[in-house]
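[1] Output the structure for:
(chains A and B)
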There are 2 protein chains.
Amino acid sequence: MEEFTRDSFTLPGESGYEDLTLKMAKKWGADVIRDSDGTQLSDEIIHSGYGIYSTLCLIRSDNTWAKQNTDKLQQNFLMSVPVIAEGDQVTISPLNGYFKEQFAIDKKTDPKEFWQVFDRTTQKEVDLSNWDFDASTELVTIKNAKKYHQYTVNFLAIRLWEEISMYNHITNQWGDKEHLMAVEPRYPETQAHILDWLENWCIQHPATTVVRFTSMFYNFAWFWSDEKNCRDIFSDWGSYDFTVNPIALREFEKQKGYKITSEDFINNGKYNQTQNAPSAKYREWMDFINEFVVSFGKKCVDLVHRYGKKAYVFYDDSWIGVEPYGKRFPEFGFDGLIKCVFSGFEARLCAGANGVKTKELRLHPYLFPTGLSGEPTFAPGGNPKLDAQKFWQNVRRALLRKPVDRIGLGGYLHLVEPFPDFCDYIEKVTDEFRLLKSFHQSGAPYVIPGKVAILTAWGALRSWTCSGHLHEHPEVDLINVLESLSGLPFEVEFLSFEDIKTNGISKDIKVIINAGILNSAWSGGDAWKDEQIIEILTEFVANGGGFLGIHEPSACDFSSQFFQLAPILGVDKDLGTKKCLGKYQYSVQPNHFITAENSELNLPVCEGIFVLGKNVNVLAEKNKTPILTEHQFGKGRSIYLSGYRYGIENTRLLMRAILYAGQQEEAVRYYICSNPMTECAYYPAAEIIVIINNSGDLQKTSVQTMDGKTIQAVLEPYDIEIISPFIQNTKS
Amino acid sequence: MEEFTRDSFTLPGESGYEDLTLKMAKKWGADVIRDSDGTQLSDEIIHSGYGIYSTLCLIRSDNTWAKQNTDKLQQNFLMSVPVIAEGDQVTISPLNGYFKEQFAIDKKTDPKEFWQVFDRTTQKEVDLSNWDFDASTELVTIKNAKKYHQYTVNFLAIRLWEEISMYNHITNQWGDKEHLMAVEPRYPETQAHILDWLENWCIQHPATTVVRFTSMFYNFAWFWSDEKNCRDIFSDWGSYDFTVNPIALREFEKQKGYKITSEDFINNGKYNQTQNAPSAKYREWMDFINEFVVSFGKKCVDLVHRYGKKAYVFYDDSWIGVEPYGKRFPEFGFDGLIKCVFSGFEARLCAGANGVKTKELRLHPYLFPTGLSGEPTFAPGGNPKLDAQKFWQNVRRALLRKPVDRIGLGGYLHLVEPFPDFCDYIEKVTDEFRLLKSFHQSGAPYVIPGKVAILTAWGALRSWTCSGHLHEHPEVDLINVLESLSGLPFEVEFLSFEDIKTNGISKDIKVIINAGILNSAWSGGDAWKDEQIIEILTEFVANGGGFLGIHEPSACDFSSQFFQLAPILGVDKDLGTKKCLGKYQYSVQPNHFITAENSELNLPVCEGIFVLGKNVNVLAEKNKTPILTEHQFGKGRSIYLSGYRYGIENTRLLMRAILYAGQQEEAVRYYICSNPMTECAYYPAAEIIVIINNSGDLQKTSVQTMDGKTIQAVLEPYDIEIISPFIQNTKS
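    Below is the predicted model:
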């Protein structure tokens, strides 16, 4: 076996397919074999000399214990479907509309301690004395109601089915296979049992070299409906809704000296989606939960370490409270962090985390018959090689900029057998990956001097993510920006409004990007009413900084402007309330550095944008509305883009906009491919330029070095070219 | 002369073209000859036996007196262009950017009495002690400013040029012709002078039979800029901005016991555009002004009457404070009301006013070389006949429903000479008009039983208008709805939120329409936070009423819904803050009463619309967003339309939507043309059905009567057919 590469690749093994497992391990150069949800590794595989990953999800790992302790299941707040009063009494069935296999009403806790009833017509809470819950009928009756008002009940639910188990069970039609439950680790008995169980598991699995936690204790929020045509009631990869339970609520009050209420979570039925600017109270709750997850999580990690195994954590599923970009993350003592990736920004999300040695990407497609949206992958009609090419094309450009340590696959290995082209392609991917990793080992690639900062309500805590995959909310501008940035030669920093208030804007930041819609966390919401924020950013641009605003930057319907930075941007948005105010009649400037490589711009229009006067340069318009403008303010430059969608051409436009905003136009000359379909990275220490073809077509391109050389290259579809400017062209 | 018709038509005469004047008077059957702005009537015309209209604009009629009394010119508040502080002191030139021939700074009144300075970054007023105005430099200096904050000055301006005079002067390049000034009638001296002047005028013009006031004292707001590419700073046909001046402000405070401030008018630089939901304070001001205009206006009318002349008022230009739909309008004692019209809703606006005997329409095109948007009319490249056909087609369908007494033209008569086809067409129009008028005289046309109510923040005060012409704000849904309704067989009522709170909803209202965008007067703004409004409307629909919501009906970002009537409508709008909440996956119902005649719907999409559940019937979608839905609520029906634009096909859709909402589907069978390109009106008393062709093509159509007859007709382009169901088809 020694003659083969055995490095940096994790293979999903499968019992009953031992020969295939070992064959593919050899072909792909695996050094580690893992199990997957629903698969087991046989002894033959376990003892084949590979490292062994075992996946563990502690909160659903002992269902027998869970069934015996249904008073210690995880909980959350839900808002009932609104009901209109038809008289002075109204009856509400709180669970109506929810998926009864997922949720039950918490009848153990006194409803009057945590539940709240609201008149949603007036947005006033109904006095506790005016409603009652009957546990036998499961109905809330409200008296002294106002006829024709709409009422809702915020209630505590118990969760009967752990969501990932539920999703896999229903998607794969597992029939009468047991429903796994999620236990609440806040209870001391649960903690004791988890630690016992984990210790016992470690003893019984001596061959396991790495315990991969999936993930810690709390899944992202995922509320299901009993209505087939509206399965998701709420779904957010970053939400803390599933961390709520009576003892946590009481403990929070004790610790902070004030109460957090059901309505702080329900939030008018909007819940606390990560996409929205968070309240200060909700952020306090997140911190409170993070403290607990780290504290108890560390005990689990320590235990695993005591048995000589490494502990990795999966950056998905039950990752809530783990917060790899949080200040406490290093305290866990994890050895590795694993992220499943479709996109470049997700690779950067994994690569950028601190406090963990090994970073690993779980590539798509998973070895499942269908993808996340139900489309065929390893099934008739699927083309897993093409899928893999596209995902790898996304991820590879990010890995050019920032390395991770390992890659791997997940799922059912036997599904690859009918797809030999896929198997060959993964072999190529693993080779490419190891090569890229080796260049990083000699030193970081060249970046354009000065940082690009992304300013949001979350700041660094939500670095390189807007919560969830790009295909889930492709209309979110910032996620598209991040995808473009993931492969561009810029150093990127994530700043919150609190950060700039506390620390100002550091001198090495050249350009600040604010991108999003009104009240989104990405635009910032009410932070823009804060005069200090306006002062800091105005000063930054006045003194020569660059500001790039996208869609509704600095938006807040406050005072005399909608974009609170309108005077800097040179544009504002009319919500229709300034219909009768004249708008400056601009003309479009056809030739500009920013648009030099884009003949037509494919950007969404933001209705109502108008320019403030003749000093604003409109570079492009659509439907008579400006979609790209630039404005000199003081010594700095401000750029407005009406929206942003990831694409090869738009990535080039974004790069040029950033360079222009940062007054670094000359940087476009060096180590930037002449053909936008291709990108490159220059590794000064390795004296290597890597060029990639991001398209499915043959591409010719050239790259200019700082010492005046011009390198020419021709690349096959999706291919890579490794060039040393000092030697001849070298094919990888 | 006696052998010719002389009835109901007002002809613009022109000195130097006496023969033409008398020839056209005969051809078009004029009974009255008028002068126009810039034209005179010669003695020959005046004594030719016709009635004589003379146009008078009292506030600009004696410019010599105005020049001697520049301390009594009209005024208004303006907001300076925002300036960013670059230190702790900031200097603002208030008039910067404004058209200096229109505005000057009021240096006579103490700035500290009425002016306000705002920090628009914090939206806080700057203390009076922190700013000063230097009358010699015309600069405001603010001390203790905050660096990088944005400051504005609300200041009192004097107007140097009456706006209609300014517009005509500049448009027609009148060169060094004198600039007319508008005097302020609040000053007792001004009132005395106006009455003197008017009396003198009456004495000197014995041949004048009708004095046509243009209009009373205050023009609609129209602020010009000194920037050619942004001529209009603010322009609103319904705004009261030009009614502001020190004595009115002081008088208001004395009368009401509280102060109205500059910021109540400036309103964050949005001013008080009629399109926005008005504040209570602004409505009080309007009422205060209306009281004055009626009181002094009545003195002018009485004087005219004393000289045996009639007094008509023009429902345009300086009509502010006149309010033909206000409660005081009959007190003026006007004999006639004249409205210039492009559209059907404008004809209804004139036809529906109370307290005046004679209603007259001034038809377009005006006899000017160019139209309002600068396009040629009576000039090379123009086609005034086609223009007249199109305008008459708009107006005629409204006149089928509701009569006026007279029509007429305005402008320079000699311009018609090169356009004999236009002259022939106007002859046909005058004949059609007299015929339609005669049918109304025998009794009102048939309407579908039950009223349609338009619910807005203005209610009846802004009946049949959204402020200005359709072409000025074609994107306003309600103006398009009104244009459709102007020719449909419904009785229409205009209700304000106050109306339904005070009086409830009367039993004869079948359907309520609420159409507009967030915070518009037409949707309603904060009125939707009022629980009483929600209760009344919910009860109305629950008990069998129909509700038709268009674009953002009942919109207010308050509590748990955006559309406050979402439970009734069955749809709501996600502003992006509910991105992570699942949306019901509907399917489109292809066959429905409402869409039966529209194969494809041409409606604007409202982004973010989602349906609340399976009981909502989606009748059409665009870009995967519902654009037409219906929902049963209690005994009533609710319909949602994503937007509305006037057109022949959409008018039919709107009619069917109203019939469906009102549960009157069977009404579509009677006295409705089978061909949507044609419309009809049935006059039961005259036993006449009038069918009109609204298109430029030949149309076949049929109409079913209630007693089972089916009438067939074939109409030439834009033609009209008069049919008695009891006799044979009779061509008009």
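[2] May I see the buried residues of stretch A:339-358?
    A:339-353, A:355-356, A:358 (16 or more other C-beta atoms under 10 Å in any protein chain shown). C-beta coordinates here come from the backbone N, C-alpha and C atoms, glycine included.
[3] Based on its surroundings, how many neighbours for the residue of the stretch 401-550 of chain A at minimum distance from chain B?
    Relative to chain B, the nearest point of the stretch 401-550 of chain A is A:T538 (3.9 Å; C-beta to the nearest C-beta). Applying other C-beta atoms under 10 Å in any protein chain shown, we find 26 residues neighbouring A:T538.
[4] A:D499 now?
    With other C-beta under 10 Å as criterion, A:D499 counts 17.
[5] Could I get the contacting residues of it?
    Contact analysis of A:D499 by C-beta atoms under 8 Å, 6 or more residues apart in numbering or on different chains lists A:G459, A:A460.
[6] would you say it is within a helix?
    Yes. Assessed with DSSP: H, G, I helix; E, B strand; the rest coil, A:D499 lies in a helix.
[7] what about the residue of the stretch 401-550 of chain A closest to chain B, is that helix, strand or coil?
    helix.
[8] buried set for stretch A:131-139?
    Neighbour count says stretch A:131-139 has A:W131, A:F133, A:E138 buried, by 16+ other C-beta under 10 Å.
[9] Mind listing what's buried along the helix ranked longest in chain A?
    Counting by DSSP state H, the longest helix found in chain A is helix A:280-306. Neighbour-count burial for helix A:280-306, counted by 16+ other C-beta under 10 Å, picks out A:281-290, A:292-294, A:296-298, A:300-301, A:303-304.
[10] about what we covered before: nearest to B:G374, of the buried residues of stretch A:131-139?
    A:W131 (65.1 Å; C-beta to C-beta).
[11] What's opposite the closest one in the beta bridge?
    A:I142 (DSSP bridges).
[12] Might you report the residue contacts of it?
    Applying C-beta under 8 Å, 6+ apart to A:W131 gives the contacts A:V117, A:V140, A:T141, A:I142, A:K143, A:V153.
[13] biggest separation within these, which pair?
    Maximum pairwise distance in the contacts of A:W131, criterion C-beta to C-beta, is 13.9 Å, between A:K143 and A:V153.
[14] okay, the two: which has more neighbours?
    Neighbour count, other C-beta under 10 Å: between A:K143 and A:V153, A:V153 has more, with 29 against 12.
[15] Just say helix, strand or coil for the more buried one.
    Using three-state DSSP, the structure places A:V153 in strand.
[16] For stretch A:360-369, which outside residues touch it?
    Looking at stretch A:360-369 with C-beta under 8 Å, 6+ apart, the contacting residues turn out to be A:10, A:12, A:312, A:336-342, A:346-347, A:350, A:371, A:376-379, A:382, A:384, A:387-388, A:391-392, A:395, A:404-413, A:415-416, A:429.
[17] Sort out for me which of these are in strands.
    Members of these lying in strands (criterion: DSSP state E): A:T10, A:P12, A:Y312, A:G336, A:L337, A:I338, A:K339, A:C340, A:V341, A:R406, A:I407, A:G408.
[18] what residues are up against the last one?
    With contact taken as C-beta under 8 Å, 6+ apart, A:G408 is in contact with A:F9, A:T10, A:L11, A:P12, A:A30, A:V32, A:R34, A:I338, A:E360, A:L361, A:R362, A:L363.
[19] Pull out the buried members of the contacts of stretch A:360-369.
    So, by 16+ other C-beta under 10 Å, the buried ones in those are A:10, A:12, A:312, A:336-342, A:346-347, A:350, A:371, A:377-378, A:382, A:384, A:387-388, A:391-392, A:395, A:404-413, A:415-416, A:429.
[20] What separation is there between the nearest residue to A:C340 once chain neighbours are set aside and A:F265?
    Leaving out its chain neighbours, the residue that sits closest to A:C340 by C-beta to C-beta, 6 or more residues apart in numbering or on different chains is A:R362, at 4.0 Å. Shown here: A:R362 relative to A:F265, a distance of 31 Å by C-beta to C-beta, to the nearest Å.
[21] Then A:L495?
    Taken as C-beta to C-beta, the span from A:L495 to A:F265 is 27 Å.
[22] So which bits of the stretch 201-350 of chain A are right by chain B?
    When proximity is defined by C-beta under 8 Å from any C-beta of the partner chain, the stretch 201-350 of chain A lies next to chain B at A:225, A:227, A:229-236, A:239, A:268-271, A:273-276.
[23] again, but for the stretch 1-150 of chain A
    A:79, A:82, A:84, A:86, A:118, A:120-123, A:146-150.
[24] so how many other residues sit close to the closest residue to A:P445 other than its chain neighbours?
    In this structure, A:P445 finds its nearest non-sequential neighbour in A:A681, 4.3 Å apart by C-beta to C-beta, 6+ apart. When neighbours are defined as other C-beta under 10 Å, A:A681 has 23 of them.
[25] can you tell me the helix or strand for A:A681?
    strand A:678-683 (DSSP states H and E).
[26] In chain A, where is pLDDT below threshold?
    Low-confidence segments of chain A (pLDDT under 70): A:1-4, A:38, A:725-732.
[27] how about 80 then?
    For chain A, the stretches with pLDDT under 80 are A:1-5, A:36-40, A:372-373, A:725-732.
[28] Just give me the neighbour total for whatever residue of the stretch 301-450 of chain A ends up closest to chain B.
    With C-beta to the nearest C-beta, the shortest gap between the stretch 301-450 of chain A and chain B falls at A:G374, namely 13.2 Å. If you count neighbours by other C-beta under 10 Å, A:G374 ends up with 7.
[29] Tell me the spacing between it and A:L413.
    22 Å.
[30] With A:V313 instead?
    For A:V313, the distance to A:L413 equals 23 Å [C-beta to C-beta].
[31] got it, and A:T377?
    14 Å.
[32] which residues sit against stretch A:100-107?
    A:75, A:78, A:94-95, A:135, A:138, A:155-161, A:163, A:166, A:179, A:223-224, A:226, A:246.
[33] May I have the helix or strand hosting A:S165 as PDB, with CA atoms only?
    Taking DSSP H and E as the criterion, A:S165 maps to helix A:163-171. Presented in PDB, the C-alpha positions along helix A:163-171 are these (Å, rounded to 0.1, in the frame of the first residue of the first chain):
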ATOM      1  CA  GLU A 163     -34.800  17.500  13.000                       C
ATOM      2  CA  ILE A 164     -31.900  16.000  11.100                       C
ATOM      3  CA  SER A 165     -33.200  12.500  11.900                       C
ATOM      4  CA  MET A 166     -36.700  13.700  10.900                       C
ATOM      5  CA  TYR A 167     -35.500  15.100   7.600                       C
ATOM      6  CA  ASN A 168     -33.400  12.000   6.700                       C
ATOM      7  CA  HIS A 169     -36.200   9.700   7.800                       C
ATOM      8  CA  ILE A 170     -38.900  11.300   5.800                       C
ATOM      9  CA  THR A 171     -36.700  12.100   2.700                       C
END
